[in-house]
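Generate a structure from the sequence data that follows.
(chains A and B)
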Amino acid sequence: MANYFNTLPLRQQLAELAKCRFMHLDEFTDGVEALKGKKMVVIGCGAQGLNQGLNLRDSGLDVSYTLRDEAIAQKRQSWKNATENGFTVGTYEELLPMADVVLNLTPDKQHTGVVNTIMPLMKKGACLSYSHGFNIVEEGMQIRDDITVIMVAPKCPGSEVRAEYVRGFGVPTLIAVHEDNDPKGEGLALAKAYAVGTGGHKAGVLMSSFIAEVKSDLMGEQTILCGMLQTGSLLCFDKMIEEGIDPGYASKLIQYGWETTTEALKYGGVTNMMDRLSNPAKIRAFDLAEQMKDIMRPLYQKHQDDIMNGTFSKTMMADWANDDAELLGWRAETAETAYEKTQAGDVDISEQEYFDNGILMVAMVKAGVELAFETMTAAGIIADSAYYESLHETPLIANTIARKKLYEMNATISDTAEYGCYLYNHACVPLLGDFMKGIKSDVIGKGLGLNDTGVDNARLIEVNEAIRNHPVEKIGAELRGYMADMKRIV
Amino acid sequence: MTDKDAICLEALSVDFDGRFQLNDISWTIQPGEHWLITGANGSGKSALAAVLAGAGEPLSGSLSGLPARVALVSYEVQAELIEAERRKDDADIIDVIAEGTPVAEIIDEVCKDHTLAQTLIDKLGIRSLMDRAFRKLSTGETRKVMLIRALTSRPELLILDEPFDGLDLDSLVWLQAYLKDLAQTVPMVIVLNRFDEHPDFITHFAYVNDGHLLQQVERKDEPALAELHQLLHLKTSKLKVPAADPAAQLPPLNPSDPLVRLNGVTIRYEDNTVFEKLNWTIEANQHWQLSGPNGSGKTGLLSLITGDHPQCYVNDITVFGFKRGTGESIWQIKQYIGYVSTALQWEYRVGTGLRNVIISGFYDSIGLYSKSTETQREIADQWLALLGMTERADEPFNGLSYGDQRLVLIARAMVKHPPLLILDEPCLGLDDMNRQLVLALIERICTSKETAVLYVNHHAEDRILGIDNYLALGDTPT
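Next comes the predicted model:
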């Protein structure tokens, strides 16, 4: 199979990358009609599979689950998930030939195997749905001509997909149609009905393309979302130890610091996160972020280039073929780092203290978000996509570190994200080596400790304007505005 | 040991996140005394108790003499723990199902007396739940786990905020006897809404109002005690249920069909059959009381009706004319139901204003995501007036005390005058006065011809005039 993206002419590549449109609620007046009475069969019953299925069924749709024979015979967790919730569970042979829509919610790595197995069993004219486009775009999977191929990807963990639906709301969702596989022209109608069935239309739906989804998702997860947080955790911890900060304190400041500072990001973007700092601290964080952006820019560009030209997926698939040797080695290495091995201390750190004593961490988040966004948009990815795959998802990943540090982050993200995260980390740690030599505990661990927090007016205005006028802030304000409009109580 | 020291609060003022303040509290707990804190919902009872466990930010005054090990059982602590468990669940960014911490581990975290823990586990009848995920327990079961955590932590001061609410009768009787024994060695401060239920070993009563400690009464001062009792029993006079929204027309039901028909229904998990082959029909305007011990499946049974239980799709259930699993959506069903439960209250974590929380009852949503009408806002305001909360219409819901939240959720359930009103322990966490108010409201609704009431309660004395059908679920099969 050849990399699909690389087979397209440049103008089509650019057109696909630029696809991303926020859809309006009145585009969903048909509700779930397009799927009514159709047999929807879900492959895989993990968190996404189960929770999406629960929502679709509660919206009046006919949902059942198909699992591999071994999973059924051994009554594995996926089998229990489906049966305890009262779903019909059957083998591929039993359920797929009758399915009108097949929802492939298995991990990326299994896609080629799964799709090759199920395709001969699928009936003529059925629909195959993905929640991530890697298989189509990077692996070049060819789907039978008569099959409609769509993508519906809720941009939240499975448990939240369910919780928000039960509240009468939903989570932001990305939909796409693979235009090479839309023989009856019904792809969009099916994807929209699926989004309604999971409640996504109430929280906002982005109409995108398989290509834009893959290229932006990969870039976001390996750089700012996971890579930057991993590199930042390791560097900040080692620096604090070097500066004589109590290891328990240092460990806690990092473990919960990402979550606390990026919570501010979620509500009001980089601007609000920076506004949580005192004026002198904000100016310091701004300067540090500018320096890091200059140092890291070539790395972000390399990641984006490798993703665009297929080098990344080729490298990773080679590791798949080699029993994940690199991935597993790097995972073990991470577990042995000083940060991972130091328990968070039993010390109280107030919400504000995470900002005041974590100036460098705030600067790293700012630098990473802005660089990822800038690099994606420079590569032809539209600002809306770039926003979701950088700033929007950072707090979600930060929450995993708060639970059980880097182990938890790497265990809960996909293997694809984890592999990219380690690639980034290996390049970024040495890259920031000289920069870190100049860092002291005033920006990580202790705070500036100033009695006088006065600043120069002109400099403050200049810094504030630079923060507020970054393009990620413009699109962020607009998109958060849509979400708030939808969620706001009128 | 510091057990010879008195606990002294002197002119103490404490702030709770800027949402609530205790002011100028002067209070001494001498060794050998056991206190009951009482007062209306939102008065600061729980806050005062929690201060002894280190909650809040002291603004002025002093607090001295506290022992090293203070144990607190309260809805707030319980909710925090459940929230912490829920948050663990959120972490499955891609595709991992978090199982949640098992009960045994939750107990172990703080346990200092494993022999006692084993005894309590048996006495409170939760042995079979040890491997179950904590967050999957019912309200009463969760409460028992919280009690075991507190009792086995070797407390030198035990603070119990509504310890008896939500417990089934057997557990309640046993716990009261146990506390009576324990009172000989461990000082206790108990918060109770139901003044009548105070244990005999209580030596002193504290009455709290609006963040102030207004009265301190010794048990032997009988006239003062009688006065306090009356104060707490104040009843409201005229009650008028606000009208329904004339513009909100539900699709009409066939009047000759029952509202609910459960035909041989079963709830079964891999390790446990909660109940099986149960038949139940609820006719229009027929009122029911449902009872049963903790874990007997009351909540599960209700959620088969509301559509919140996934096994509603594998049972023979017809609700409001919809045979379940034939293409109906849960929103078509929920539009006919008003619902209150402790679980709903835990789910309802929103900063939405009170008026909008009540309006959300028209849309069956948690939070409000639709544009409300002028009429709906007027109706919501009438409900707020009835609850004495007119001034607070725009306050955030999550800033209210537990009891006040409950009152607002009851209004939310009743606001649309639903054909079926399900009240799962509606009085849990309410003080005497508000309990009377809620019961009177329910009675009023029962006499109208438009709503069937389905009422779940442990407390036998909370019988409601007009309810004449009873369903009792049995013990948990083992």
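
Got the phi and psi for B:L473?
With angles defined as degrees, to the nearest 10, B:L473 sits at phi -90, psi 150.

The closest residue to it other than its chain neighbours - how many residues pack around it?
In space, and not counting its chain neighbours, B:L473 is closest to B:G292: 3.3 Å by C-beta to C-beta, 6 or more residues apart in numbering or on different chains. The C-beta positions use only the backbone N, C-alpha and C, and glycine is treated the same way. A total of 20 residues lie near B:G292 under the criterion other C-beta atoms under 10 Å in any protein chain shown.

Excluding residues flanking it in the chain, which one is nearest whichever residue of chain A sits closest to chain B?
For chain A and chain B, the shortest gap (C-beta to the nearest C-beta) falls at A:G168, measuring 2.8 Å. Nearest residue to A:G168 in three dimensions, chain neighbours excluded: B:S365, at 2.8 Å (C-beta to C-beta, 6+ apart).

just the strands in the stretch 151-300 of chain B please.
B:157-161, B:188-191, B:204-209, B:212-218, B:260-269, B:272-282, B:288-291 (DSSP state E, counting those that start in this stretch).

again but with chain A, I slipped
Listed in chain order, the strands of chain A (DSSP state E) span A:20-23, A:39-43, A:62-66, A:89-90, A:101-104, A:127-130, A:148-154, A:173-177, A:205-208.

quick one, longest helix in chain A?
helix A:279-309 (DSSP state H).

Test my guess that the residue nearest to B:L473 contacts B:K298.
Yes. Using C-beta atoms under 8 Å, B:G292 is in contact with B:K298, at 5.2 Å.

what touches both of the two?
B:L473 (C-beta atoms under 8 Å, 6 or more residues apart in numbering or on different chains).

contacting residues for B:I82?
Per C-beta under 8 Å, 6+ apart, neighbours of B:I82: B:134-135, B:142, B:346.

Next one, pLDDT for it please.
For B:I82, the pLDDT comes out at 84.

Helix or strand for it, just tell me which one.
Per DSSP states H and E: B:I82 is located in helix B:75-89.

Residue ranges of each domain in the chain, please.
Assuming you mean chain A. Here the domain parsing of chain A from automatic domain parsing is A:20-208, A:212-487.

Chain B, not that one
B:7-232, B:260-472.

Could you dump these into CSV with distance to A:L406 added?
Output for those, formatted as CSV (distance: least, C-beta to C-beta, whole Å):
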stretch, distance to A:L406
domain B:7-232, 13
domain B:260-472, 29
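
Which one of the residues in chain B is closest to chain A?
Closest point on chain B to chain A, by C-beta to the nearest C-beta, is B:S365, at 2.8 Å.

Provide the secondary structure category for the residue nearest to A:G168.
coil (DSSP: H, G, I helix; E, B strand; the rest coil).

Could you do the one 10 residues further on as well?
Using three-state DSSP, the structure places B:T375 in helix.

Tell me where the stretch 301-450 of chain A has helices.
A:311-321, A:325-335, A:338-341, A:351-356, A:359-378, A:383-387, A:394-412, A:415-431, A:433-437 (DSSP state H, counting those that start in this stretch).

how about these in a markdown table, adding distance to chain B, mean neighbour count and mean pLDDT?
Formatted as a markdown table, those follow (distance: least, C-beta to the nearest C-beta, whole Å; neighbours: other C-beta atoms under 10 Å in any protein chain shown; pLDDT from 0 to 100):
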| stretch | distance to chain B | mean neighbour count | mean pLDDT |
| --- | --- | --- | --- |
| helix A:311-321 | 16 | 16 | 95 |
| helix A:325-335 | 15 | 15 | 94 |
| helix A:338-341 | 17 | 16 | 95 |
| helix A:351-356 | 11 | 17 | 96 |
| helix A:359-378 | 17 | 26 | 98 |
| helix A:383-387 | 18 | 25 | 92 |
| helix A:394-412 | 5 | 22 | 86 |
| helix A:415-431 | 8 | 21 | 95 |
| helix A:433-437 | 28 | 12 | 97 |
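
Serialize those helices to JSON lines and add fields for distance to A:L265.
Converted to JSON lines, the helices of the stretch 301-450 of chain A look like this (distance: least, C-beta to C-beta, whole Å):
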{"stretch": "helix A:311-321", "distance to A:L265": "26"}
{"stretch": "helix A:325-335", "distance to A:L265": "24"}
{"stretch": "helix A:338-341", "distance to A:L265": "22"}
{"stretch": "helix A:351-356", "distance to A:L265": "12"}
{"stretch": "helix A:359-378", "distance to A:L265": "7"}
{"stretch": "helix A:383-387", "distance to A:L265": "12"}
{"stretch": "helix A:394-412", "distance to A:L265": "6"}
{"stretch": "helix A:415-431", "distance to A:L265": "19"}
{"stretch": "helix A:433-437", "distance to A:L265": "22"}
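
Nearest to B:M130, out of these?
B:M130 sits nearest to helix A:394-412 of all the helices of the stretch 301-450 of chain A, at 23.6 Å, using C-beta to C-beta.

Tell me how many other residues crowd residue 42.
Chain wasn't specified; assuming chain A. Neighbours around A:V42, by other C-beta under 10 Å: 28.

ah, no, chain B please
23.

for the one 4 residues further on, same thing?
Applying other C-beta under 10 Å, we find 28 residues neighbouring B:S46.

For it, identify the helix or strand it belongs to.
Using DSSP H and E, B:S46 sits in helix B:45-51.
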